[in-house]
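Colleague: Okay, predicted coordinates and the sequence, questions at the end:
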Amino acid sequence: MKTKKEIVTDWLPRYTGRALDQFGEYILLTNFHNYVDMFARQFDVEIMGLDKPMQTATANNITIINFGMGSAMAATVMDLLSAIMPKAVLFLGKCGGLKKTKVGDFILPIAAIRGEGTSDDYMPPEIPALPSFRLQQSVSYIIKKHELDYWTGTVYTTNRRVWEHDDEFKEYLRDIRTMGIDMETATIFIVGFANGIPHGALLLVSDNPMTPEGVKTSQSDANVTKEYANTHLQIGIEALRELADSGESVKHLIFE
């Protein structure tokens, strides 16, 4: 039987079309091809993997990866990245805003609630899903540098995509007082921890699904992308640059 190292070393290029030595030491993760397009246009670089499950572009020691949607793909990409052991991985995702958040707000999670189930295959359920503090600190600094603000708190990660009709589930979300809901953050945090990869997330509120009028539509999502996606991407790029320029390690947690 092959070892995990042998598998991921073969599969990362297989899934992305990019050789291992063509990855940067810092990784941006996204669910959206247009984020990769914006990155590639900004730095005038090639998008690789257009015929693969994951598309990538690399510039200035940063590689952006569109890994798809959902906790299973989030776990897969974090496993595959163990082939190169990046210095930091930052997830730029969208989420449903809960409580007082509004569309276009940023959420910088200090933890994620493991409602998706996938992370249970990696760590016992009592292990909290936490980001790497130094990486989140860098993101916070860049947000303030842009003269913007953000919410912090917990994000609930679910494996259900269609739940907006479920009043019982919505009441549960109110009870646990989470700031947002998505399908990837907790998985990225736990699988990153399991693989010893420093990780963080900055989420863009794309809808307010607790009310009927706030549920995401194709048009509303297009509007969010047009108005806020570029700023989201720039903060991610600058945060990783700040981290790289500082020369500081992100590994404040002991991965054992």
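Modeller: It's in. Numbering: from 1, shown residues only.
Colleague: Identify the bridge partners of residue 108.
Modeller: Assessed by DSSP bridges, residue 108 has beta-bridge partners residue 152.
Colleague: measure it to residue 155 for me?
Modeller: 10 Å (CB to CB, to the nearest Å). Just so you know, the C-beta spots here come from the backbone N, C-alpha and C atoms, and that holds for glycine as well.
Colleague: where does the residue sitting nearest the centre point of the chain land on pLDDT?
Modeller: What sits nearest the mean C-alpha location of the chain, by CA atoms, centre = their mean, is residue 91, with 2.2 Å. As predicted, residue 91 sits at a pLDDT of 98.
Colleague: What of the one 10 residues further on?
Modeller: pLDDT for residue 101: 90.
Colleague: burial count for it?
Modeller: 20 (other CB atoms under 10 Å).
Colleague: likewise residue 42?
Modeller: 14.
Colleague: Just list the residues touching residue 164, thanks.
Modeller: Residue 164 is in contact with 170, 209, 215, counting by CB atoms under 8 Å, 6 or more residues apart in numbering.
Colleague: coming back round to it: look up phi and psi at the residue nearest to the centre of the chain.
Modeller: Main-chain dihedrals, residue 91, degrees, to the nearest 10: phi -90, psi 120.
Colleague: Identify the bridge partners of it.
Modeller: residue 29, residue 201.
Colleague: any idea how far it is from residue 121?
Modeller: Applying CB to CB to residue 91 and residue 121 gives a distance of 19 Å.
Colleague: Also residue 85?
Modeller: Taking CB to CB, one finds residue 85 at 21 Å from residue 121.
Colleague: One more: residue 73?
Modeller: 14 Å.
Colleague: Same check on residue 198?
Modeller: Distance of residue 198 to residue 121, computed by CB to CB: 21 Å.
Colleague: The closest residue to residue 135 other than its chain neighbours: what's it in contact with?
Modeller: Excluding its sequence neighbours, the residue lying closest to residue 135 (CB to CB, 6 or more residues apart in numbering) is residue 200, at 3.7 Å. Contact partners of residue 200, counting by CB under 8 Å, 6+ apart, are 88, 89, 90, 91, 131, 132, 135, 136, 139.
Colleague: So among these, which ones count as buried?
Modeller: Among those, those classed as buried by 16 or more other CB atoms under 10 Å are 88, 89, 90, 91, 131, 132, 135, 136, 139.
Colleague: In strands only, show me those.
Modeller: 88, 89, 90, 91 (DSSP state E).
Colleague: for this protein, which helix is longest?
Modeller: helix 218-246 (DSSP state H).
Colleague: buried sites along that one?
Modeller: Per 16+ other CB under 10 Å, helix 218-246 contains these buried residues: 224-225, 228-229, 232-233, 235-244.
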